[in-house]
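In: Prediction below, plus the sequence it came from.
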Amino acid sequence: IAITPHMYFTNLPPLHSTEYQLPNHSRFVAVGGIYTVIQTKARLTCEEWGENYFLVGPYMESSVRTQVELIEPCNAALRRTIDKMNSSGCKVYFGRWLIEGSPYVILLDVGFTAWSLDRWKSELWENCSIGVPWFDREANDAILFGFLTAWLLGEYAAQCDEPPHIVAHFHEWLAGLGLVLCRQRQLPVATIFTTHATLLGRYLCAGNVDFYNNLAEFNVDKEAGDRQIYHRYCLERAAVRCTHVFTTVSQITAIEAEHLLKRKPDIVTPNGLNVKKFSAMHEFQNLHAQSKARIQEFVRGHFYGHLDFNLDKTVFLFIAGRYEFSNKGADIFLEALARLNYLLRVNHSDVTIIAFFIMPARTNNFNVETLKGQAVRKQLWDTAQTVKEHFGKKLYESLLVGQLPDVSKMLDKEDFTMMKRAIFATQRQCLPPVCSHNMLEDSSDPILNCIRRIGLFNTAQDRVKVIFHPEFLSSTSPLLPMDYEEFVRGCHLGVFPSYYEPWGYTPGKTTHTMYMCFHCVMYIFLNSSFSGIYILDRRYCGVDESCNQLTSFLFQFCQQSRRQRIIQRNRTERLSDLLDWRYLGRYYVSARHMALAKAFPDTFIYEPQEPTSATGFRYPRPASVPPSPAHSLHSSPHHSEAEDEEEPYDEDLEAEKDRVNIRQPFNMPNRNKNQTVSLPEKN
C-alpha cells in the first residue's frame, strides 16, 4: 500500500512513512510522504540532523527483509517508548533503512493492532465528528496508523527527561489523522502538513471538468459526497485546518488547496532530487549511446518486416506515469502526435518519430506478435553471426597463403540459403502492433480508442509510430529489459503535458536523468532558440490551442540538428541543479523553523527575509562544455551532415542569461531565543 500511487518504484517502503529528527532539545518528526520525497531527501536531512533523524512507517515484512537492518535503538527515551508500547499490545520495530544516508526507521505493525479499530473509530467520531465506513480498507489503515503514530509521539514525549520540542511533518491525507490527534491531545508537537495533490482535485480532474478555471465555483462538500469520499476529504481538511504550517509542492497546487481545502499554504516546498554529476564529459554520452542502442534493438524486432526508416534519423519520445488518460496528458499528446504526423508527411521529412507510452493497465500477458518480433530479430542476429564466422574463416585462410580473397567465392550456397530463409522469416502480413501486451479491456481502453480515432497504426506512410507498453519497465522483462532510468537516458524527449499535478516527480526525474544524456530536452523553459526545458500552457489555453502549441514544439524539435540538441543538453545540465535537494531543501528547513516558532513562541523566533537582490542561481559550467572558445571547437566530436557550421552560439552568454532569469530563492533564517537555529550553510 502507498500513500499516493507510487507505481514508478518497486519494493516500496511502508505506507505513511514518518520522519523523525531530534536535534538536541528540538525534535523533528515528519509523518507521511511520497516515497521519492522521503528517500531522496534522507541523505541531506541526515547530514543536517545526524543520528537525531528518524523515519516511521508501518511494518511490512517483505520490505523489511530487503531494505531494513533491524537493530536496537540508541536513544534511551525512544528505547523506553518502544518497550512500553510493545508491552501494551503493539509491535514496534527499530532499524536502519538501507538507502543513501542510512536513516533510522521505526516500524509500527498496523495489522497487529487491528483489534482496536472499532474503538478508535468511535473515538474519532466522538472527538472529531468524522465517521469512516467499514468497507474503506485504505481509510481503516489510515485510522490505525494515525492512532499508533499519535500514541508513539505522546509516549515519547512522556519518556523524555526534559520537555521536548517535537516537529511533525505529515504528507497527504492518509497520514493526516496523526496530526489531528496530536493537536486534539495537546501534545508538545509542532506540526507541518504537506499535500502533493489534493484528494478531491484528483477526482474532479478525472471527471473531465474545466478544473483550474472553476476552482472557486465547486461545492466541495457536495462534490466529495457525490464521489463517496467525504470521510477521506474530512480527514484531509481536518489535517489542513489543525496544522501549524501548511505547505504544498507547487504554486498551482497551492491555488488548488486554497479553494478546495479552504486554507492558503504558508510555504511551497518543491520536490527535489539528488542530482548526480559525472566527473568526465564522455560518461553521460556513453550512457546515452548504450541505452539508445538497446532501445533500437527492441525497435528492430518490433518493426521487423516494416523497418523502412533510418534508425539514425529516428527520434524517441516517451510519456510515463499513472494511467490517468486526461490528468497525465496522454489525450493531448496523442492528438499532437497525429498533427505532427501530418506535418512531417506534407513536408517530406526523413525523420521518424517513435512515441512510447509507459503506463500500467490491466493485461494478461505479452502480445504474441511482439514476442515473435524479438525472436525474429534474434534469429537474424544469429544467422548474421554464423555467416560472419564462415566468411571470416575463409578470409583468414586466404590471407595465410598470401592471396587476396575472391569475394565471389567467400560465401557458399549454404550461406545464401541460410540468409534467404532468414529474409523470408521477416515477412509479416500484419502491421507492427501498437500495444505490446494483450489488454483485458481492449475495446474500452482510452489510449487504444484514441489511436483508432486518429489512425496511427504504424503504417509505412506514417512518420510517427506509436508503442503502448502497458507495464512499468524492468530490467528482467523478456521484451524490453531496461530499467526506467536507463530507458529515459536512451530517449531524446520526454513529454508530460499533464493537466493535473503538472509538477510531479516524473518530469523532474526526467530532467535530472536526461541531462546526463546526449540529447536532452523536456518542456519549454525561457525564451530562447536553444531552450533546455519546455513548458506547455494548459491553464489559460483551450485544448486545441495547447495541442497546437505542443505540436509546434515537437515539429521544431524534429528539425533540429545534433549540435542544437547538444546545446539543449548543456542548458538542461545547468537547470538540473535547480532540482537538487541541496538547493530545494532550504524550503523544508524554513517550514520546520516556522512550525517551531508557532508551536513554541517562548523559545523560537521566525523572521522571514526578503531577497536583497535579483541575482540568479550561480550555475557551474557544465562538464560537457570545453574550456576553449565557443567559435573554435564544437561541444561534440562529431557533427550531423545537415549541421550549420556558422550557427552563432556563445555558451558563456547563454549561461549568464540563465543566471539572471532565475531568481535566488528566499533565504528564511530562524533564531532561537535560547540558542541559535539557523539555516544550514549547505542549503
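Out: Okay, I see it.
In: ok, Val543 - contacts?
Out: When contacts are counted by C-beta atoms under 8 Å, 6 or more residues apart in numbering, Val543 touches Ile332. The C-beta positions use only the backbone N, C-alpha and C, and glycine is treated the same way.
In: what about Phe391, neighbour count?
Out: With neighbours defined by other C-beta atoms under 10 Å, the count for Phe391 comes to 15.
In: Quick check: pLDDT value at the residue nearest to it when sequence neighbours are not counted.
Out: Setting aside the residues directly before and after it, Phe391 is nearest to Met410 in space (C-beta to C-beta, 6 or more residues apart in numbering), at 5.4 Å. pLDDT, Met410: 81.
In: In this structure Met410 contacts Gly392, no?
Out: No - if you go by C-beta atoms under 8 Å, Met410 and Gly392 don't touch, sitting 9.5 Å apart.
In: Which of those two has more residues huddled nearby?
Out: Legend: neighbour count by other C-beta under 10 Å for Met410 and Gly392, higher for Met410 (16 against 11).
In: OK, contacts around the more buried one?
Out: Met410 touches Phe391, Lys394, Leu395, counting by C-beta under 8 Å, 6+ apart.
In: Which one of those residues is nearest to Ser474?
Out: Within the contacts of Met410, proximity to Ser474 (C-beta to C-beta) peaks at Phe391, which comes in at 37.5 Å.
In: so how far is Gly585 from the nearest residue to Trp173 once chain neighbours are set aside?
Out: Excluding the flanking residues, the one nearest Trp173 by C-beta to C-beta, 6+ apart is Glu236, at 3.5 Å. Glu236 is 25 Å from Gly585, where distance means C-beta to C-beta, to the nearest Å.
In: What of His169?
Out: 13 Å.
In: in the sheet, who's paired with Asn438?
Out: Listed by DSSP bridges, the beta-bridge partners for Asn438 are Asn365.
In: isn't there a strand covering Ala142?
Out: No - using DSSP: H, G, I helix; E, B strand; the rest coil, the secondary structure at Ala142 is helix, not a strand.
In: Spit out the contact partners of it.
Out: Ala142 is in contact with His16, Trp173, Leu174, Ala175, Gly176, Leu177, Leu235, counting by C-beta under 8 Å, 6+ apart.
In: Return the subset of those residues lying in helices.
Out: Gly176, Leu177, Leu235 (DSSP state H).
In: I'd like those written out as CSV, with distance to Asn286 and neighbour count added.
Out: What follows is those, written out as CSV (distance: C-beta to C-beta, whole Å; neighbours: other C-beta atoms under 10 Å):
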residue, distance to Asn286, neighbour count
Gly176, 46, 28
Leu177, 49, 30
Leu235, 49, 27
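In: Distance to Ile447 added to these, as TSV?
Out: Listed next are the ones in helices among the contacts of Ala142 as TSV, based on distance: C-beta to C-beta, whole Å:
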residue	distance to Ile447
Gly176	34
Leu177	36
Leu235	33
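In: so who does Asp537 touch?
Out: Ser546, Gln549.
In: I'd like the average pLDDT over stretch 189-205.
Out: Mean predicted lDDT for stretch 189-205 stands at 90.
In: CA atoms only: put that stretch into PDB for me.
Out: What follows is stretch 189-205 as a C-alpha-only set of coordinates in PDB (Å, rounded to 0.1, in the frame of the first residue of the first chain):
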ATOM      1  CA  VAL A 189       4.400  18.800  18.800                       C
ATOM      2  CA  ALA A 190       4.800  21.500  16.100                       C
ATOM      3  CA  THR A 191       3.000  20.200  13.100                       C
ATOM      4  CA  ILE A 192       3.500  20.600   9.300                       C
ATOM      5  CA  PHE A 193       1.100  19.200   6.700                       C
ATOM      6  CA  THR A 194       2.100  18.900   3.000                       C
ATOM      7  CA  THR A 195      -0.200  18.000   0.200                       C
ATOM      8  CA  HIS A 196       1.300  16.900  -3.100                       C
ATOM      9  CA  ALA A 197      -2.100  16.900  -4.800                       C
ATOM     10  CA  THR A 198      -5.500  17.300  -3.100                       C
ATOM     11  CA  LEU A 199      -7.700  14.200  -2.800                       C
ATOM     12  CA  LEU A 200     -10.800  16.000  -4.300                       C
ATOM     13  CA  GLY A 201      -8.700  17.500  -7.000                       C
ATOM     14  CA  ARG A 202      -7.700  14.100  -8.400                       C
ATOM     15  CA  TYR A 203     -11.300  13.000  -8.600                       C
ATOM     16  CA  LEU A 204     -12.600  16.200 -10.200                       C
ATOM     17  CA  CYS A 205      -9.900  16.300 -12.900                       C
END
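In: neighbouring contacts of stretch 422-433?
Out: 302-306, 367, 369-370, 373, 376, 379-380, 383, 457-459, 465.
In: next one: stretch 104-119
Out: 14-15, 18, 20, 51, 53-60, 64, 68, 73, 78, 82, 89-97, 140-141, 143-145, 147-149, 152.
In: ok, the ones in helices among the contacts of Ala142 vs Leu578, which is closest?
Out: Gly176 (29.4 Å).
In: How confident is the prediction for the closest one, by pLDDT?
Out: Looking at Gly176, its pLDDT reads 90.
In: From Gly131, how far out is the closest residue to it other than its chain neighbours?
Out: Residue nearest to Gly176 in three dimensions, not counting chain neighbours: Ala239, with 2.9 Å by C-beta to C-beta, 6+ apart. Applying C-beta to C-beta, the value for Ala239 to Gly131 is 17 Å.
In: So for the two, which sits in the more crowded spot?
Out: More crowded of Ala239 and Gly131, by other C-beta under 10 Å: Ala239, with 29 against 12.
In: tell me the contacts of the more buried one?
Out: Phe170, Trp173, Gly176, Leu177, Leu179, Val180, Phe193.
In: Which of those fall in strands?
Out: Phe170, Phe193 (DSSP state E).
In: now, among the contacts of Ala239, which is nearest to Tyr230?
Out: Trp173 (12.3 Å).
In: The closest one and Cys234 touch, don't they?
Out: No - if you go by C-beta under 8 Å, Trp173 and Cys234 don't touch, sitting 9.3 Å apart.
In: quick one, which of the two is more surrounded?
Out: Trp173 (29 against 20).
In: That one and Asp136, how far apart?
Out: Applying C-beta to C-beta to Trp173 and Asp136 gives a distance of 12 Å.
In: any shared contact partners between the two?
Out: Arg232.
In: helices and strands around whichever helix in the chain runs longest, which ones?
Out: Ranked by number of residues, the top helix in the chain under DSSP H is helix 368-400. Judged by 3 or more C-beta pairs under 8 Å, 6 or more residues apart in numbering; DSSP states H and E, helix 368-400 is in contact with helix 281-302, helix 413-425.
In: Measure how buried Asn286 is and give me the count.
Out: 12.
In: For Gly490, which residues are in contact?
Out: His288, Gln290, Ser291, Lys292, Ala293, Arg294, Ile295, Phe316, Met482, Cys517.
In: Check what pLDDT it gets.
Out: 87.
In: any idea how far Ala175 is from it?
Out: When Gly490 is compared with Ala175 (using C-beta to C-beta), they lie 36 Å apart.
In: ranges for the strands of the stretch 51-200 of the chain?
Out: In the stretch 51-200 of the chain, the strands defined using DSSP state E, counting those that start in this stretch lie at 53-58, 68-70, 92-97, 104-108, 165-171, 189-195.
In: got the angle for the third one vs strand 104-108?
Out: The reference is to strand 92-97. 150 degrees (axes from the mean of the first three to the mean of the last three C-alpha atoms, to 10 degrees).
In: tell me the mean pLDDT over strand 92-97?
Out: Strand 92-97 carries an average pLDDT of 91.
In: likewise the second one?
Out: Mean pLDDT, strand 68-70: 91.
In: heads up, I number from 294, so please use that
Out: Taking 294 as the first residue, the last one we looked at is strand 361-363.
In: what number of residues lie near Ile716?
Out: Count around Ile716 with other C-beta under 10 Å applied: 11.
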